[in-house]
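Student: I would like the atomic coordinates for the input below:
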Amino acid sequence: MIFKKPLRALLPLLFLPIFGFSQSSDLAGLVESYMNEVEDFSGVVMVAYQGKPLLMEGYGMINPESDIQIDANTLFDIGSISKSFTATAILILSEQGKLSVSDPLSLYFPSLSAEKGALTLHQLLTHSSGLPGALGDDYEPISREAFLELVDSATLGFPAGTSYDYSNVGYSLLAMIIEDLSGESYDTFLQEEVLFRAKMLMTGYSPRGVEYMAVASGIAPDGSDWGTPLDKTWDGKQPYWHLRGNGGLMSSASDMFRLYLAMRSGQLLGGEATKAQFTPHVDEGGGYSFYGYGWVIMDEGDLISHNGGNGIFRADFHWLPNDDYVLFAASNNAKVPLFQISEDLLQIIRTGKPAVKLDLQEIDMKTFPATDRQKAAQRFFDNIANPDSAKAKAFLESDFSAGVIERNGATRLIEIFGMIHADNPNLKLTAVREDDSHIQLAATAEGGATIKFLIKFLEDQIDGLEIEAN
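Tutor: So this is what the prediction gives:
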């Protein structure tokens, strides 16, 4: 899992209204129709309702040279969804009386400095420790001792417990604690104490019998074969510490369906631990999404999600506990816009209607901005590129619909502008596309990442926003 700083853990930032949920018996047909129109999709989609799968379908081949079709049992790298399993393992150890989430790291790593030793497991679990996102490449060989030295020498981004910043490093430390307290490898403990409870027999770094399973191979942006996670440099049967515990687990659509069954029936944890896992502990920034223990909590608990990606593989899991739906999607093709596809599928589930299709056309950058709507889009970009609270307040009053401000609050929206800027300084506008009710701004950030802002308009006022980072 490669750390992606833009947009906090890759979660789309939405100013959109909350939908009602559909219980349409034709939902599977709507999802299937949508997927049949997605060009060159390589991956898998699973939608279930009330404990039964509505659709579980694979698309494409397991690698560019293979004639083996992707199906519900094909293994995909699920990226940062791995954190959900790590957090569950920590809570199981808590239930066994072996640790407390309030424990400081000094109990487990006495060699750490006082500053790092004072960090708590709760702060690691909720990305509120201030530790950096990453300290090295996913597949870089590194010993436990060398990793801890990097942790100790790292500069905290903020005083522990005062803010949020997504950190893979914290979850690698949690994996170390799991190994120390269990006396087993991280992967073995996960299989014996977490995955087997959910009957997830095909999930892990090295699931039993993996040599006989179909593992999807990544397709790089240039179309070349990136290989499978098993082709990379590992420390025996699991990755080294830059990836262990925070990403890189493999799973299938059928196993992720079993995860949903285990979550809805409470098989993984007792009542108090389950409550702690799904408590919205820390605001991710903007008041829309909160981090629990290994899960993102939205809509006051109506939506529990996580996603992940490493620039090649992407995976997305959305559980709607109150209405009893689940959506899992994964892709092995770097060119597939999986997170946008997931948002469209989520819209279908919520509304029982086909996803809104956009017909965006390129706008000549030499004439942009020309119309009132385009000028509003330009002012939006200016506020992201150079945030100023006084200027932003005037911008909200003139260019945002009353509905957006009512749903989100002016103060929160201004904070979001600042957050986007902080995560993506020195943005440069590179392209503009438009249809009857949307304008899409494409910009490049430092390091070459592409950020796309899809602005929805009501007349000439901004009425919604989606953000995608690649």
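Student: Against Gly309, how distant is the closest residue in space to Gly227 that isn't next to it in sequence?
Tutor: Nearest non-adjacent residue to Gly227, counting by Cβ to Cβ, 6 or more residues apart in numbering: Ser217, 5.9 Å away. For glycine as for every other residue, the C-beta is placed from the backbone atoms N, C-alpha and C. In this structure, Ser217 and Gly309 are 16 Å apart, going by Cβ to Cβ, to the nearest Å.
Student: okay, the two: which has more neighbours?
Tutor: Gly309 (26 against 22; other Cβ atoms under 10 Å).
Student: these two touch, right, that one and Gly79?
Tutor: Yes. If you go by Cβ atoms under 8 Å, Gly309 and Gly79 touch, sitting 4.9 Å apart.
Student: Tell me, how many residues neighbour the closest residue to Asp324 other than its chain neighbours?
Tutor: Excluding the flanking residues, the one nearest Asp324 by Cβ to Cβ, 6+ apart is Gln50, at 5.0 Å. When neighbours are counted by other Cβ under 10 Å, Gln50 registers 10.
Student: pLDDT score assigned to Gln50?
Tutor: Looking at Gln50, its pLDDT is 94.
Student: Kindly report the same for Arg8.
Tutor: Reported pLDDT for Arg8: 36.
Student: now swap in Ser24 and tell me
Tutor: 46.
Student: which stretches of the stretch 1-150 of the chain form strands?
Tutor: For the stretch 1-150 of the chain, the strands defined by DSSP state E, counting those that start in this stretch occupy 43-49, 52-59, 76-77.
Student: Quick one: residues contacting Phe395.
Tutor: Arg379, Phe380, Asn383 (Cβ atoms under 8 Å, 6 or more residues apart in numbering).
Student: State whether it is indeed within a strand.
Tutor: No. Using DSSP: H, G, I helix; E, B strand; the rest coil, the secondary structure at Phe395 is helix, not a strand.
Student: re the thing from before, go through the strands of the stretch 1-150 of the chain and pick out the most buried.
Tutor: strand 76-77 (a mean of 28; mean count of other Cβ atoms under 10 Å).
Student: partners of it in the sheet?
Tutor: Strand 76-77 sits in its sheet next to strand 250-251 (antiparallel), going by DSSP bridges.
Student: For the helix or strand following the partner strand, buried residues please.
Tutor: Per DSSP states H and E, the first helix or strand lying C-terminal to strand 250-251 is helix 253-265. For helix 253-265, a neighbour-count test (16 or more other Cβ atoms under 10 Å) marks Ala253, Ser254, Asp255, Met256, Phe257, Arg258, Leu259, Tyr260, Leu261, Ala262, Met263 as buried.
Student: One more: stretch 311-321?
Tutor: Applying 16+ other Cβ under 10 Å to stretch 311-321 flags Gly311, Ile312, Phe313, Arg314, Ala315, Asp316, Phe317, His318, Trp319, Leu320 as buried.
Student: Strands - which of those residues land there?
Tutor: Arg314, Ala315, Asp316, Phe317, His318, Trp319, Leu320 (DSSP state E).
Student: Go ahead and confirm the fourth one touches Ser305.
Tutor: Yes. Under the criterion of Cβ under 8 Å, Phe317 makes contact with Ser305 at 6.3 Å.
Student: Please enumerate the shared neighbours of these two.
Tutor: With Cβ under 8 Å, 6+ apart, Phe317 and Ser305 have no common neighbours.
Student: For the stretch 251-400 of the chain, which segments count as strands?
Tutor: Under the criterion DSSP E, counting those that start in this stretch, the stretch 251-400 of the chain contains strands at 282-283, 289-291, 296-298, 303-309, 314-320, 325-331, 361-362.
Student: show me where the stretch 1-150 of the chain has helices.
Tutor: 7-10, 27-36, 82-95, 114-117, 121-125, 144-153 (DSSP state H, counting those that start in this stretch).
Student: Any chance of a markdown table for those, columns mean neighbour count?
Tutor: Below are the helices of the stretch 1-150 of the chain laid out as a markdown table (neighbours: other Cβ atoms under 10 Å):
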| stretch | mean neighbour count |
| --- | --- |
| helix 7-10 | 22 |
| helix 27-36 | 17 |
| helix 82-95 | 25 |
| helix 114-117 | 15 |
| helix 121-125 | 24 |
| helix 144-153 | 16 |
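Student: how about the ones you listed, which one is nearest Thr351?
Tutor: Between Thr351 and the helices of the stretch 1-150 of the chain, the shortest gap by Cβ to Cβ is with helix 27-36, which sits at 9.3 Å.
Student: Which neighbouring elements make contact with the closest one?
Tutor: Helix 27-36 sits against strand 43-49, strand 52-59, helix 338-351, with contacts defined as 3 or more Cβ pairs under 8 Å, 6 or more residues apart in numbering; DSSP states H and E.
Student: picking that back up, Asp364 is nearest to which of the helices of the stretch 1-150 of the chain?
Tutor: The nearest among the helices of the stretch 1-150 of the chain, by Cβ to Cβ, is helix 7-10 at 28.1 Å.
Student: Name the residues linked to the residue nearest the centre of the chain by a beta bridge.
Tutor: Central residue of the chain (Cα atoms, centre = their mean): Asn307, 2.7 Å from the mean position. Bridge pairing for Asn307 (DSSP bridges) gives the partners Asp316.
Student: Wait, it touches Gln340, no?
Tutor: No. The pair Asn307 / Gln340 is not scored as a contact, 11.8 Å apart, by Cβ under 8 Å.
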